[in-house]
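Visitor: coordinates only, sequence not included:
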């Protein structure tokens, strides 16, 4: 009898543990294994990850009816597309005691100004990463967006360039190159940006969100539009593997997009309790610093600063001066008309 009672107890425990699963839908390469393992050890649960490469992919998956996610990590300008249709759960601030440590600059987000539905996760910059020796030999200056848009520059490095497969970010960069507002949704501005992109496209090797940093680190490409955290990791890999070139990344003189990825709980989250625990865990100083060390992102948490390496704290992009930060733009959310217009131009670019 005791044998069967014991077996029943084990079966009950296995069923209970099977339910202790947190499901997150997160950016590729953004969540270090050490963070996941540390949380799993603390909560005695399992974290299941699925990945996406850009915000459009996230929105498309959710619009198609994807279910079962507890947490998603949208960029700020995507928040209205999730808050409006009531897809997100209002956060219980009583369960997020470490939210008090978020730096004020990252709380003034226009799309959810009271942080009712989101908490900051990681901050970064969209810019250019490059093989320093190859670009110097070619005479291409990576401190300008001309490096990826000017055909005269691109002729020197044809098929050695990749750009992000993200309509919003690529159009924003093209608008900055043209001296226009990267948040413009005017038809004439988007048409001008589309023209710039179409003329540059024949010189690019690919639109690439997922492997550009690896291709850059391997020396297969020489110039990549990407985000600062991916390029930081690629630069670290080049140093650690003692490659015979230097990988660098820099901001552009015309301006850059700074972005903030957030963490949000889905309205139909199976485990909102574990989701709140994970968010608060991410906001702890040591966790946030470890996240930055692993990913190269800028931490939104003040208590992370004492734990940051000089590699992060002394980099001009990863720890920007106020006058440099002032040149960067946080992308706003396009309205439905602007999104349709952008989609039409984007489709025209991709099919040609």
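Guide: On my side now, so go ahead. All of these numbers come straight from a predicted model, not from anything done at the bench. Numbering: from 1, shown residues only.
Visitor: and this protein, what are its domains?
Guide: When the chain is parsed with automatic domain parsing, its domains come out as 2-123+260-318, 124-257+330-351.
Visitor: and these, which one's lowest on average pLDDT?
Guide: Mean pLDDT per stretch puts domain 2-123+260-318 lowest among the domains of the chain, at a mean of 87.
Visitor: for residue 161, list each beta-bridge partner.
Guide: Bridge pairing for residue 161 (DSSP bridges) gives the partners residue 223.
Visitor: ok, it to residue 154 distance?
Guide: 7 Å (C-beta to C-beta, to the nearest Å). Every C-beta, even on glycine, is put in place using the N, C-alpha and C of the backbone.
Visitor: ranges for the helices of the stretch 251-352 of the chain?
Guide: Counting by DSSP state H, counting those that start in this stretch, the stretch 251-352 of the chain has helices at residues 272-282, 285-295, 310-313, 322-325, 336-351.
Visitor: the ones you listed: which one's closest to residue 123?
Guide: helix 285-295 (9.5 Å; C-beta to C-beta).
Visitor: now the angle from that closest one to helix 272-282?
Guide: Angle, helix 285-295 to helix 272-282, by axes from the mean of the first three to the mean of the last three C-alpha atoms, to 10 degrees: 80 degrees.
Visitor: look up phi and psi at residue 24.
Guide: Main-chain dihedrals, residue 24, degrees, to the nearest 10: phi -120, psi 140.
Visitor: contacts only, for it.
Guide: By C-beta atoms under 8 Å, 6 or more residues apart in numbering, the contact set of residue 24 is 31, 47, 48, 49, 50, 69, 70, 71, 72, 73, 278.
Visitor: do you know how far it is from residue 117?
Guide: 16 Å.
Visitor: cool, and residue 139?
Guide: Counting by C-beta to C-beta - residue 139 and residue 117 are separated by 48 Å.
Visitor: okay, these two: which has more neighbours?
Guide: residue 117 (20 against 9; other C-beta atoms under 10 Å).
Visitor: and the nearest residue to the more buried one once chain neighbours are set aside, what are its bridge partners?
Guide: Among residues not flanking residue 117 along the chain, residue 88 sits closest, at 4.5 Å (C-beta to C-beta, 6 or more residues apart in numbering). Beta-bridge pairing for residue 88 (DSSP bridges): residue 266.
Visitor: residue 88: how many residues sit nearby?
Guide: Neighbours of residue 88 (other C-beta under 10 Å): 21.
Visitor: what's near enough to touch it?
Guide: Counting by C-beta under 8 Å, 6+ apart, residue 88 has contacts 82, 117, 118, 264, 265, 266, 267.
Visitor: so who does the closest residue to residue 209 other than its chain neighbours touch?
Guide: Once flanking residues are discounted, residue 209 sits nearest to residue 53: 3.7 Å by C-beta to C-beta, 6+ apart. By C-beta under 8 Å, 6+ apart, the contact set of residue 53 is 27, 28, 165, 209, 210.
Visitor: quick one, helices of the stretch 1-150 of the chain?
Guide: 2-19, 33-43, 55-63, 79-83, 132-138, 146-149.
Visitor: next one: the second one to chain centre, how far?
Guide: Relative to its chain's centre, helix 33-43 lies at 21 Å (C-alpha atoms, centre = their mean, to the nearest Å).
Visitor: that helix to helix 285-295, inter-axis angle?
Guide: Going by the same axes, to 10 degrees, helix 33-43 makes 150 degrees with helix 285-295.
Visitor: other residues contacting helix 33-43?
Guide: So helix 33-43 is contacted by 20, 22, 45-47, 49, 274, 277-278, 281-282, 287, 290-291, 294 (C-beta under 8 Å, 6+ apart).
Visitor: mark which of these are buried, thanks.
Guide: 22, 45, 47, 274, 277, 278, 281, 282, 287, 290, 291, 294 (16 or more other C-beta atoms under 10 Å).
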